[in-house]
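K.L.:
just the structure for this:
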Amino acid sequence: MSSSLDKLRALTSRLEDKIVEKEKVSTVKSTKPSEVTKSDKKPLKKVVKKVQENCDNVREENITRVKELYEKLKIFEKSPDFDKVFVYKAMNLSGIGLKEEDFGEVREGKYIQVIAITYEPDKNGKKKAKNISLGYFGKAETLETKLKNEIIEFVLRWRYEKAFQNVEHYKDLISRVETPSDTLF
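P.N.:
Sure thing, here's the model as predicted:
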């Protein structure tokens with residue numbers, strides 16, 4: 001599991017590096033517009049395309065692993081359609097810390113659950129958050145380390161895929177707006 005988390009952290013680091021590179025290129029373009037020529041634009045488009053392909057590969061690997069964990073952790077018992085797992089607005093974990101300061105620490109006396117959050121209208125039509133347990137794994141004290149790591153990995157990878165879906169949504173919206181030809185998208 002730690003190798004999976006290490007891979008995820010390394011991937012995140014590489015993506016952040018690519019974003020920094022992209023921002024540097026954007027800064028150069030905006031500060032020196034007269035020096036940018038058509039020949040300068042072609043390599044940039046190739047770099048962007050390569051980054052997008054790498055993101056697609058990473059996303060495919062991530063979704064494959066999410067599906068494996070979905071089956072292994074028996075999330076399908078509460079949410080039988082894998083694709084509908086991503087309809088939830090958020091996903092949390094009770095009984096195990098996911099913040100930087102308590103990452104992976106089990107909370108003694110607590111029960112371990114994967115909690116999905118959705119918003120449903122109440123009787124007055126107002127949207128209210130609703131928590132749905134997708135998996136119950138017993139008391140924190142009895143949880144095996146391997147299972148704990150797989151539960152954490154499932155939640156983190158689910159969030160990672162959800163982030164990809166959100167990016168896709170915004171890319172679609174941006175494509176609907178008339179943009180200058182020298183933008184990255």
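K.L.:
what's the closest non-adjacent residue to the residue nearest to the spatial centre of the chain?
P.N.:
For the chain, Tyr160 is the residue whose C-alpha lies nearest the centre (CA atoms, centre = their mean; 1.3 Å). Excluding its sequence neighbours, the residue lying closest to Tyr160 (CB to CB, 6 or more residues apart in numbering) is Asn62, at 5.5 Å. Yep, even glycine has a C-beta here, placed from its N, CA and C like the rest.
K.L.:
got it, and Val87?
P.N.:
Counting by CB to CB, 6+ apart, the nearest residue to Val87 once its immediate chain neighbours are dropped is Thr118, at 7.4 Å.
K.L.:
what is the helix or strand hosting that neighbour packed up against?
P.N.:
Element membership of Thr118, judged by DSSP states H and E, is strand 111-121. The elements that strand 111-121 packs onto, with contact taken as 3 or more CB pairs under 8 Å, 6 or more residues apart in numbering; DSSP states H and E, are strand 90-94, strand 127-139, helix 145-175.
K.L.:
quick one: the first one to strand 111-121, angle?
P.N.:
What it means is strand 90-94. Here the directions of strand 90-94 and strand 111-121 differ by 150 degrees (axes from the mean of the first three to the mean of the last three CA atoms, to 10 degrees).
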